[in-house]
Structures are given as C-alpha cells and as structure tokens.
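Chemist: Okay, structure incoming, though there's no sequence with it:
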Ligand SMILES: O=c1ccn([C@@H]2O[C@H](COP(=O)(O)OP(=O)(O)O[C@H]3O[C@H](CO)[C@@H](O)[C@H](O)[C@H]3O)[C@@H](O)[C@H]2O)c(=O)[nH]1
Ligand SMILES: O=C(O)[C@H](O)COP(=O)(O)O
C-alpha cells in the first residue's frame, strides 16, 4: 500500500465505532445535522430507512429530508408517512432545470437543508441499521475532518441465504484499481463509492458535484485535493444490503465514475458508452450518453 495511505488507514479508520448517541449529543454543541436520502422509485425501502433515523430526530439529528429524484411510485408518500420531509428536484433552485441522476439531487439537497453537517444515506438499503448515522457523525463531531465514509461487508444477492460477500463490483473492479493507479494516497478507502457518508457543509458547498453516480468519487477526490488526506475518515458500519443492479447498468455507472475521475486528473474521457445487447439472436450496439458536466459549488449559486 502507498505509505501515506497506510499511515492514513491506521490513523483515520474506526473499525469498531463506539460513540453513543448521548456522547455525540454532548459534543454536538450548537451544530446542526441534516440527514438526506436521495430516492428514485424506492417505495419498497425508503420507509424503513427513514424509520431507522427517525428516533434521532430532535436530538442528534435536526432534519430528515428525502430528495425525490423524479419517482413515479409511492416513494414520496411512504417517506412522508415515515417522518421525513420530502423535497422534489424542482422544489429547489427554480432557475436550474432538473437533470436526471443521483448527483443532481445530492447537489440540490444542499439548498433544501440547513445542517452544518450533512449525512447521506441511500434509500434502497435493506434492513437499515440505526447505528449508521451516529457512526458517520462520530469523527465529524469529535475530530478535525470534513468527510466521513462508511464501509461494510457487502453481500451480492439478497436472495442468497448467507448474506455473504461479493458485492461492490464497480468498487472492486474499477474504483479501487483506479484510485490505486491515479490517486494512490486514497487507496486506503475500503468503500470509496459507498452511498453512506457525512460531510461538513463548509466542504460540501465549496466543491462542484459530479453528475449521476460519479458524485461520490468526485467528492472523495475533491475532499483530498481541498483539505488533504487527514480531513477524510472512514467508519465500519457492519453489513450493507441493497438492491443490486445488473451488469449493463453497472457499465454505465462505471463510465460515469471513470469520466469524473479522469476529469479530476486532467485527462479527457468519453461522452458516451457503447454496450452490446442481443436482440432476436443478433448482437447490436446500444449507446448511452455519459453525463460529464458538474454542477457548480453551491456557494457560488444564486439561490433565488
Ligand atoms: O437517478 C437517480 C439514481 C439513484 N438515486 C438514488 O441513489 C441511491 C443509490 O442508487 P443505486 O442505483 O441504488 O446505486 P448503487 O447501485 O447502490 O451504487 C453504489 O455506487 C454508486 C456510485 O458511486 C453510489 O452513487 C451509490 O450510492 C452506491 O450505493 C438510491 O437511493 C437511489 O434511489 C437517485 O436518487 N436518483
Ligand atoms: O458500489 C458498487 O460497486 C456498485 O454499486 C455495485 O454494487 P453491487 O456489486 O453490490 O451490486
């Protein structure tokens, strides 16, 4: 491992986070915390994810917001019933037409919330653990850091009985090898792409947000460039189960991540990905555009 990454791993990894909610409330002081769940058609799971955070509302957590990314199912009503405030993409920043993708709603969430610290949780988590939010906030509330990433064991298929390992295919086959090659100081991150993380508003509003699924790699690289390695921490969250996407979907995700990474290393990427699908026995090319434009730092955006 890169020597800087090795030293960082020893200093900034919490293998068994011990902070209790009352410990954290005691050090929270006047700081406020927003929990944000990006959601696109997550009616099956969003209620439980909100429910796992709801008991913290009014103590460690000051607001829970589900950022609806254009759902056509009951995501909004389920989230509302579970105790979240629901914000649609078009409800904030009216002068910016909403774009598709996860990065877009995370970016908009900064204009929809006020917490000094922001925790992001995916809304497709299965059996979400109420310990995720306190663990992610631990280093932010007790150390001089700006970004805290969760890590975990990742089962691949929910239908298998043992809930084993094998998940995180884009992480293991693309993101970690790429970081190793192009930003080796970040090779100590166990889950660089994980959707459960927390950051300071000061940091989140100072950087651009990559589109789609590139948002996490963008924030990680930008936290490193802005503050250095020591401003990043990682905490063990145990096990994370979620809905697995198919290989073609992961190919598009991987291309978005690759594009954002290359841009941050001043290397030109591609604006489209061609994959091949079999139709009536014949193999045909199928081309998907790859989002490239970042949203600007929220600090520079006119909020009216
Ligand atoms: O256009 C979209 C797409 C997704 N989501 C939500 O974002 C979360 C994660 O999306 P998902 O499609 O489940 O991503 P994963 O396959 O789980 O991808 C992993 O890797 C991605 C790339 O780094 C991260 O963005 C994800 O958080 C991480 O879980 C879920 O709550 C989605 O509902 C949106 O809000 N809008
Ligand atoms: O984070 C990842 O690597 C991708 O979301 C794929 O995850 P999966 O292999 O667990 O479906």
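Modeler: Structure's in. What do you need? It should be emphasised that the depicted structure is a prediction, and the values quoted were computed from it without experimental measurement. Ligands and ions are numbered 1, 2, ... in the order given.
Chemist: so what strands line up beside the lowest-mean-pLDDT helix or strand in the chain?
Modeler: Lowest mean confidence among the helices and strands of the chain (mean pLDDT, DSSP states H and E): strand 241-242, at a mean of 81. The pairing partners recorded for strand 241-242 under DSSP bridges are strand 125-126 (antiparallel).
Chemist: Tell me which residues are up against the partner strand.
Modeler: Residues outside strand 125-126 that contact it (Cβ atoms under 8 Å, 6 or more residues apart in numbering): 45, 48, 49, 158, 196, 240, 241, 242, 243. Placement of C-beta: from N, CA and C, glycine included.
Chemist: Out of the residues you listed, the closest to residue 17 would be?
Modeler: Closest approach to residue 17 among the contacts of strand 125-126 (Cβ to Cβ): residue 196, at 12.6 Å.
Chemist: what's the neighbour count on the closest one?
Modeler: 25 (other Cβ atoms under 10 Å).
Chemist: In three-state terms, how would the residue nearest to it when sequence neighbours are not counted be classified?
Modeler: Spatial nearest neighbour of residue 196, excluding adjacent residues (Cβ to Cβ, 6 or more residues apart in numbering): residue 150 at 3.9 Å. Of the three states, residue 150 takes strand according to DSSP: H, G, I helix; E, B strand; the rest coil.
Chemist: how about residue 150, what does it touch?
Modeler: Contacts for residue 150 (Cβ under 8 Å, 6+ apart) come out as 132, 135, 136, 191, 194, 196, 197, 234, 235, 236, 237, 240.
Chemist: again, only this time at 7 Å
Modeler: When contacts are counted by Cβ atoms under 7 Å, 6 or more residues apart in numbering, residue 150 touches 132, 136, 191, 194, 196, 197, 235, 237.
Chemist: Out of the residues you listed, which end up buried?
Modeler: Neighbour-count burial (16 or more other Cβ atoms under 10 Å) is assigned, among these, to 132, 136, 191, 194, 196, 197, 235, 237.
Chemist: could those be laid out in TSV, adding pLDDT, secondary structure and distance to residue 71?
Modeler: Shown next, in TSV, are the buried ones among the contacts of residue 150 (pLDDT from 0 to 100; DSSP: H, G, I helix; E, B strand; the rest coil; distance: Cβ to Cβ, whole Å):
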residue	pLDDT	secondary structure	distance to residue 71
132	97	helix	22
136	98	helix	25
191	97	coil	26
194	96	coil	22
196	98	coil	20
197	98	strand	22
235	98	strand	29
237	96	strand	25
